[in-house]
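Q: Here is a sequence with its predicted model. Questions after.
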Amino acid sequence: MALVRAIITAGLYPNVVRSFPVRNPKPHKKPRMMTAYERKVALHPKSVNEKINMFESPWLVYREKIKSSKVYIHDSSMVPNYPLLFFGQKLMYRAQEGVIDVDGFVRVRAPEHVAHLVQSLRAELDGLLEYKISHPGISRWDKTSKEGALLHMIVDLISSEKITWSYQEQDFMDADEEAD
């Protein structure tokens, strides 16, 4: 499932939504959501995710965004952090804050050694993808090849991430803020 979520993330990026949980979840309270460009978006009423008031991860990717009475997102899937770190565009580690920043929108807390591991694997993956585009051919998944070892490391890392996340005080939105 983690690999499927990573593939969905790669295909839908940069269509990312940040979800903020409601302090006291009730069936009628919905999490506040935003994109990099809209301060407030909502899941479409016909979405299977529309009934959820607290996601296991703060990140969702979506296929389409439509503005009618509100800005609605369609066809959304919750995704964990690592796929966003691997398939975002600009990745930067902010050591003072202990945060990996992707494209100025996705922000993930991580220790420095994790940030360096992700940056190294990402640089190798980018190089491999550039090579594969200019030299199409069969991918070697055996762990004895450099290509196979890299792909296995990334799959193992993506698969190892626990999706649940701990909510911090600033992640919660009060009912007053949610109504804005």
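A: Here it is on my side, so go on.
Q: Could you list the domains of the protein?
A: Under automatic domain parsing, the residue ranges defining each domain of the chain are 2-79, 83-160.
Q: and the residue in the chain sticking out farthest from the centre, what element?
A: The outermost residue of the chain, judged against the average C-alpha position, is T144 (30.4 Å), by C-alpha atoms, centre = their mean. In the assignment (DSSP states H and E), T144 maps to no helix and no strand.
Q: so F87 makes contact with L12?
A: No: when contacts are counted by C-beta atoms under 8 Å, F87 is not listed as touching L12 (9.1 Å). All C-beta spots, glycine's among them, are computed from the backbone N, C-alpha and C.
Q: Contact partners for L60?
A: 16-17, 19, 33, 49, 73, 76-79 (C-beta atoms under 8 Å, 6 or more residues apart in numbering).
Q: Which parts of the helix or strand hosting I73 count as buried, going by neighbours?
A: Using DSSP H and E, the secondary-structure element containing I73 is strand 71-79. When neighbours are counted by 16 or more other C-beta atoms under 10 Å, the buried residues of strand 71-79 are found to be 71-73, 76-79.
Q: Work out the sheet partners of that strand and label each with its direction, please.
A: Here strand 71-79 has these sheet partners by DSSP bridges: strand 42-43 (parallel), strand 59-67 (antiparallel).
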